[in-house]
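**Student:** Sequence plus the predicted model coming up.
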Amino acid sequence: MEEIFAKLYDMTAFSNIIADPSFLVMYAIAFILLYLGIKKHYEPLLLVPIAFGVLIANFPGGDMGVIQADQDGMVMVNGVLKNIWEMPLHEIAHDLGLMNFIYYMLIKTGFLPPIIFMGVGALTDFGPMLRNLHLSIFGAAAQLGIFTVLLCAVMIGFTPQEAGALGIIGGADGPTAIFTTIKLAPHLLGPIAIAAYSYMALVPVIIPLVVKLLCSKKELMINMKEQEKLYPSKTEIKNLRVLKIIFPIAVTTVVALFVPTAVPLIGMLMFGNLIKEIGADTSRLFDAAANSIMNAATIFLGLSVGATMTSEAFLNWTTIGIVVGGFLAFALSISGGIFFVKLFNVFSKKKINPLIGATGLSAVPMASRVCNEIATKYDPKNHVLNYCMSSNISGVIGSAVAAGVLISFLG
């Protein structure tokens with residue numbers, strides 16, 4: 001009878017959990033992420049799949065966790081060291097499981113990030129940025145965190161490639177972080193992807209914190225509409241629809257000429273936007289890119305990235321360094337945008353609300369919504385959403401170009 005109970009006990013996950021309590025830490029992290037996604041509504045489309053991936057990957061014996069290959073692509077399969085890229089697809093699925101199949105075939109090959117960028121482009125309206133093109137420069141300034149953390153990471157012992165992958169978290173764009181890490185430091189993909197998406201989801205917490213530290217009440221009450229009335233723009237867009245069609249074609253061409261390594265992301269982003277702006281003639285393509293393809297890609301990306309977050313891969317000093325460095329990159333990017341606005345206001349009669357600089361991240365449109373809420377707390381009539389979107393959208397382009405620059409120099 002005792003043997004039966006012993007076998008029943010060994011059959012459950014309790015024996016493994018008691019032997020290795022680190023599993024409990026990972027469950028706690030998964031539940032916290034689920035709480036933030038479900039209860040707090042922090043990017044639930046991203047956070048819920050990632051959190052559930054973390055949960056199922058850490059149930060002992062479930063074989064749902066992703067096995068990280070080393071820099072040469074070698075993984076241990078049934079006690080034998082094999083090259084993941086030389087293994088047939090059916091062998092990966094059979095010996096390593098579903099999550100490893102999705103991860104290595106769709107993510108680590110770099111397939112899903114550009115596909116998601118296509119969907120983001122289809123869901124993005126560049127109109128606010130084109131109407132306020134002078135504000136797009138703050139999206140470039142907000143990339144400060146990427147390069148600052150890169151230098152700091154090299155100084156504390158990360159390789160230049162690892163530092164570049166860590167710094168890109170400051171761009172606040174999950175697909176960009178994944179794409180860059182695949183090219184520069186694939187062995188760090190799991191923790192970097194988790195950190196990038198977690199901080200994206202925590203935009204409603206991080207932006208108000210940084211803004212409160214760096215901005216005065218007087219600055220936050222700058223009314224952009226009043227500034228527009230006092231100092232109206234001399235540039236008038238006569239045909240916005242034509243401009244919105246030309247813009248993605250022109251941007252792709254310019255980026256392809258100067259930063260070719262950024263084309264997989266920028267090109268797909270602009271293609272998705274182009275089929276949206278053309279209208280009825282490409283409506284079926286737009287619908288597929290913005291809905292079914294985008295949703296499927298998000299599910300696969302979230303679950304499999306979450307599944308990389310096993311206790312062995314996450315609970316170590318390297319990962320802790322990535323989490324801390326990622327937060328600094330994120331906060332410095334927000335700070336960079338704010339300080340650039342402050343500098344601009346010193347030399348310009350037409351003042352700009354620093355919240356517009358704080359939205360120079362790729363977290364569209366959450367960053368803009370958060371900053372608009374901050375502005376209306378100080379003045380209910382001061383709606384800055386459209387102005388913030390100018391910087392916010394340019395931040396998407398800026399982070400993708402920054403990723404291309406890093407890959408060119410460090411890859």
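**Tutor:** Sure thing, it's come through.
**Student:** rest of the way, CA atoms for contacts and neighbours
**Tutor:** Will do.
**Student:** need the helices for the stretch 201-350 of the chain, in chain order.
**Tutor:** For the stretch 201-350 of the chain, the helices defined by DSSP state H, counting those that start in this stretch cover 203-214, 217-220, 224-230, 240-258, 263-278, 283-287, 293-307, 311-314, 317-347.
**Student:** Need the ones you listed in a markdown table (columns: mean neighbour count, distance to residue 102 and mean pLDDT).
**Tutor:** Output for those, formatted as a markdown table (neighbours: other CA atoms under 10 Å; distance: least, CA to CA, whole Å; pLDDT from 0 to 100):
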| stretch | mean neighbour count | distance to residue 102 | mean pLDDT |
| --- | --- | --- | --- |
| helix 203-214 | 16 | 28 | 92 |
| helix 217-220 | 15 | 45 | 92 |
| helix 224-230 | 14 | 46 | 89 |
| helix 240-258 | 16 | 29 | 94 |
| helix 263-278 | 24 | 20 | 96 |
| helix 283-287 | 17 | 24 | 95 |
| helix 293-307 | 22 | 7 | 91 |
| helix 311-314 | 16 | 18 | 79 |
| helix 317-347 | 20 | 23 | 89 |
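**Student:** Looking at the ones you listed, which is nearest to residue 357?
**Tutor:** Smallest distance to residue 357 across the helices of the stretch 201-350 of the chain (CA to CA): 3.9 Å, for helix 317-347.
**Student:** and the closest one with helix 203-214, angle?
**Tutor:** Angle, helix 317-347 to helix 203-214, by axes from the mean of the first three to the mean of the last three CA atoms, to 10 degrees: 50 degrees.
**Student:** From the chain's centroid, how far away is the helix or strand where residue 368 lies?
**Tutor:** Secondary structure assigned from DSSP states H and E places residue 368 in helix 366-378. The chain centroid and the centroid of helix 366-378 are separated by 20 Å under CA atoms, centre = their mean, to the nearest Å.
**Student:** Now do that helix: everything it contacts.
**Tutor:** Under the contact criterion CA atoms under 8 Å, 6 or more residues apart in numbering, helix 366-378 has outside partners 203-204, 207-208, 217, 220-221, 355-356, 358-359, 361, 382-385, 388-389, 392.
**Student:** Ok, stretch 156-169 next?
**Tutor:** By CA under 8 Å, 6+ apart, stretch 156-169 touches 145-151, 153-154, 176-177, 180-181, 184-185, 188, 192, 195-196, 322, 325-326, 329-330, 399, 402-403, 406, 410-411.
**Student:** A ChimeraX selection for these, restricted to the buried ones, would help me check which they are.
**Tutor:** The ChimeraX selection below is limited to those of the contacts of stretch 156-169 classed as buried (16 or more other CA atoms under 10 Å):
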select :145,146,147,148,149,150,153,176,177,180,181,184,185,188,192,195,196,322,325,326,329,330,399,402,403,406,410,411
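**Student:** Counting only helices, which of the contacts of stretch 156-169 make the cut?
**Tutor:** Secondary structure from DSSP state H places 145-151, 153-154, 176-177, 180-181, 184, 192, 195-196, 322, 325-326, 329-330, 399, 402-403, 406, 410 of the contacts of stretch 156-169 in helices.
**Student:** Can you verify residue 65 is assigned to a strand?
**Tutor:** No - according to DSSP: H, G, I helix; E, B strand; the rest coil, residue 65 belongs to no strand; its state is coil.
**Student:** Do I have it right that it meets residue 56?
**Tutor:** Yes - here residue 65 reaches residue 56: they are 7.5 Å apart, a contact under CA atoms under 8 Å.
**Student:** Show me which of those two is the more surrounded one.
**Tutor:** Taking other CA atoms under 10 Å, residue 65 and residue 56 do not tie; residue 65 has more neighbours (28 against 19).
**Student:** distance of the residue nearest to the more buried one when sequence neighbours are not counted from residue 304?
**Tutor:** Distance criterion CA to CA, 6 or more residues apart in numbering; nearest residue to residue 65, sequence neighbours excluded, is residue 57 at 4.1 Å. For residue 57, the distance to residue 304 equals 9 Å [CA to CA, to the nearest Å].
**Student:** overlap in contacts of these two?
**Tutor:** With CA under 8 Å, 6+ apart, residue 57 and residue 304 have common neighbours residue 66.
**Student:** who touches stretch 139-151?
**Tutor:** 160, 163-164, 166-171, 325, 328-337, 340, 357-361, 391-396, 398-399, 402.
**Student:** and if you look at stretch 17-24?
**Tutor:** 58-60, 311, 315.
**Student:** One more: stretch 93-109?
**Tutor:** For stretch 93-109, contacts defined as CA under 8 Å, 6+ apart pick out 63-67, 77-78, 89, 92, 111-113, 182, 186, 300-301, 303-305, 307.
**Student:** Can you give me the first-to-last residue distance of it?
**Tutor:** This stretch, stretch 93-109, spans 16 Å end to end (CA to CA).
**Student:** Now do the contacts for residue 261.
**Tutor:** Going by CA under 8 Å, 6+ apart, residue 261 touches 404-405, 407-408.
**Student:** Buried ones among those residues?
**Tutor:** Buried members of those, counted by 16+ other CA under 10 Å: 404-405, 407.
**Student:** Now render those as JSON lines, adding pLDDT and distance to residue 135.
**Tutor:** Formatted as JSON lines, the buried ones among the contacts of residue 261 follow (pLDDT from 0 to 100; distance: CA to CA, whole Å):
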{"residue": "404", "pLDDT": "93", "distance to residue 135": "23"}
{"residue": "405", "pLDDT": "93", "distance to residue 135": "23"}
{"residue": "407", "pLDDT": "94", "distance to residue 135": "27"}
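**Student:** what about the stretch 1-150 of the chain, any weak spots by pLDDT?
**Tutor:** Scanning the stretch 1-150 of the chain for pLDDT under 70 picks out 1, 6, 9-10, 13, 61-63.
**Student:** got the residue ranges for the helices in it?
**Tutor:** Secondary structure of the stretch 1-150 of the chain (DSSP H, counting those that start in this stretch): helices at 2-11, 14-19, 22-38, 44-57, 89-96, 98-102, 112-122, 127-131, 137-141, 144-155.
**Student:** how about a markdown table for those helices, with distance to residue 296 added?
**Tutor:** Shown next, in a markdown table, are those (distance: least, CA to CA, whole Å):
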| stretch | distance to residue 296 |
| --- | --- |
| helix 2-11 | 34 |
| helix 14-19 | 33 |
| helix 22-38 | 18 |
| helix 44-57 | 11 |
| helix 89-96 | 19 |
| helix 98-102 | 12 |
| helix 112-122 | 9 |
| helix 127-131 | 27 |
| helix 137-141 | 29 |
| helix 144-155 | 29 |
